[in-house]
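Visitor: Build the 3D model from these lines:
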Amino acid sequence: MGKHTNIFHQNITRRDVLKTLGAASAAGMMMPFMGKQAFARSNDKPPNIIFILSDDHRWDALSSEGHPFIQTPNMDKLASEGISFNNAFVTTSLCSPSRASFLTGQYAHTHGVKNNLTPWKDSNVTFLEIMKNQGYDTAFIGKWHMPGKIPTLRGMDKFITFDVQAGQGKYFNCPLIIDGKEVPSRKPYITEELTDHAIEFMGQNRDNPFCLYLSHKAVHHQFKAAPEHQGMYDNVPLNLPKESDPWITWTNGSVYYGAIMGPMEKFYRDYCEAIVSLDQQIGRVMEKVEEMGIADNTIIIYTSDNGYFWGEHHLVDKRWFYEESIHIPFIVRHPKMISAPGKKVDQMILNIDVAPTILDLAGIPVPDSMEGKSFTPILKNNSTPWRKAWLYEYFK
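Guide: Residues are numbered from 1 along each chain as shown. The predicted structure follows:
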């Protein structure tokens with residue numbers, strides 16, 4: 001379906017060099033704590049970093065990507081001020097493994113979260129832990145959704161998540177777990193509530209730079225928008241692909257893969273409305289950055305944990321190796337590094353590249369345990385040659 005389909009269907013093969021599956025844990029390779037001393041030795045103040053991760057948002061469901069009716073003015077503004085990657089992909093198109101890959105910079109066969117049933121290993125090291133050891137203030141706010149109990153996540157100044165509905169959370173009145181203690185939600189709508197907590201963390205008085213990992217439930221099923229956006233697309237023509245038969249979401253396979261039974265057209269309209277609600281809250285984060293006067297030294301990254309089928313290949317969900325499931329939106333805003341904002345680049349980047357890139361942008365050495373590759377050179381020079389092949393894996 002996309003214009004880049006042939007490129008990756010021909011080239012995604014086994015990686016030229018795979019790390020050995022028995023690689024040592026990065027826990028034994030941690031750099032010594034440096035804290036403020038590391039920053040004092042630098043002439044440039046280290047950047048603040050905001051990483052925003054959504055759920056099931058496919059690459060073409062933005063107005064800046066030519067969607068026929070979805071309006072995403074804030075994500076569009078982010079793209080106009082940064083770089084958009086035309087070929088950003090996940091190495092496993094499923095919530096839990098992809099999220100673990102974002103955090104660790106590793107493939108699923110290495111970090112061990114192979115599907116939504118295999119648990120997170122506490123020996124896994126996140127880029128947030130490394131950044132905390134290097135003097136950053138850190139926060140994880142939002143959807144954790146890894147199998148097993150919610151961990152006592154190392155390197156967190158603030159850890160806010162939820163465990164209802166098997167870790168998926170609820171769109172309305174979702175209780176939160178804040179630093180290990182369950183508390184009721186202060187706002188009815190989860191996307192707004194998580195954004196409130198993110199803005200509060202950003203606004204704290206601090207001497208250190210901060211790294212915020214904001215992980216939304218949206219736009220996962222049940223695809224619920226904020227009340228003011230519900231129904232806004234009830235009457236628009238959908239123009240779904242020819243193979244998008246309405247009955248696909250009524251099949252047993254749909255239930256097996258976690259979708260809700262019902263008419264596909266209704267779900268797709270709800271999905272599009274939920275994206276508008278998500279965009280609204282991303283705008284609030286961007287406004288807070290401007291209000292604080294830190295926009296010039298704050299990097300904002302937006303992406304999703306995987307794409308989604310809306311009837312293509314007679315499928316709904318996201319697990320299988322087609323463009324609709326593995327292709328994700330990916331936008332980076334970095335005023336100090338991106339000299340020609342608004343560009344779209346074609347290099348193939350991956351979810352496992354996020355952790356090493358964020359460390360690199362912060363001036364922190366990337367541990368050998370990370371299998372991804374920092375794409376900082378592309379931000380500096382968008383004609384930089386890049387990978388031709390990579391590994392996709394799915395553990396049924």
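
Visitor: Low-confidence ranges, this structure, go.
Guide: Using pLDDT under 70 as the threshold, the predicted model of the chain has low-confidence ranges 1-43, 252-261.

Visitor: Strands of that one, start to end?
Guide: Listed in chain order, the strands of the chain (DSSP state E) span residues 48-54, 83-89, 137-142, 158-161, 176-178, 181-183, 210-215, 298-304, 309-310, 316-317, 330-333, 343-350.

Visitor: would you turn those into CSV with distance to Arg99 and mean neighbour count?
Guide: Where C-beta positions appear, they are placed from N, C-alpha and C, glycine not excepted. Formatted as CSV, the entries for those read as follows, by distance: least, CB to CB, whole Å; neighbours: other CB atoms under 10 Å:
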stretch, distance to Arg99, mean neighbour count
strand 48-54, 7, 24
strand 83-89, 15, 23
strand 137-142, 10, 24
strand 158-161, 11, 22
strand 176-178, 16, 18
strand 181-183, 21, 10
strand 210-215, 7, 25
strand 298-304, 11, 24
strand 309-310, 19, 24
strand 316-317, 16, 22
strand 330-333, 15, 25
strand 343-350, 14, 19
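
Visitor: mind checking how far the residue nearest to the spatial centre of the chain is from Lys224?
Guide: Geometric centre of the chain, nearest residue: Leu53, 2.8 Å, by CA atoms, centre = their mean. Leu53 sits at a distance of 18 Å from Lys224 (criterion: CB to CB, to the nearest Å).

Visitor: same thing with Pro341?
Guide: Distance check for Pro341 against Lys224: by CB to CB, it reads 33 Å.

Visitor: Comparing these two, which shows the higher neighbour count?
Guide: Lys224 (23 against 14; other CB atoms under 10 Å).

Visitor: Who are the contact partners of the nearest residue in space to the more buried one that is not next to it in sequence?
Guide: On the basis of CB to CB, 6 or more residues apart in numbering, the spatially nearest residue to Lys224 that is not a chain neighbour turns out to be Tyr171, at 3.7 Å. Residues counted as contacts of Tyr171 (CB atoms under 8 Å, 6 or more residues apart in numbering) are 189-191, 217-218, 222, 224.

Visitor: Could you rerun that using 7 Å?
Guide: Shown here is Tyr171, whose contacts under the criterion CB atoms under 7 Å, 6 or more residues apart in numbering are 189-190, 217, 222, 224.

Visitor: go on, Pro241?
Guide: 311-312.

Visitor: same question, Asp360
Guide: Taking CB under 7 Å, 6+ apart as the definition of contact, the neighbours of Asp360 are 366, 374, 376.

Visitor: Same question for whichever helix in the chain runs longest: list its buried residues.
Guide: Once the chain is assigned using DSSP state H, the helix that runs over the most residues is helix 264-291. Using 16 or more other CB atoms under 10 Å as the burial criterion, the residues of helix 264-291 that qualify are 264, 267-283, 285-286, 288-289.

Visitor: again with stretch 149-168
Guide: Within stretch 149-168, the residues scored as buried using 16+ other CB under 10 Å are 150-151, 153-163, 167-168.
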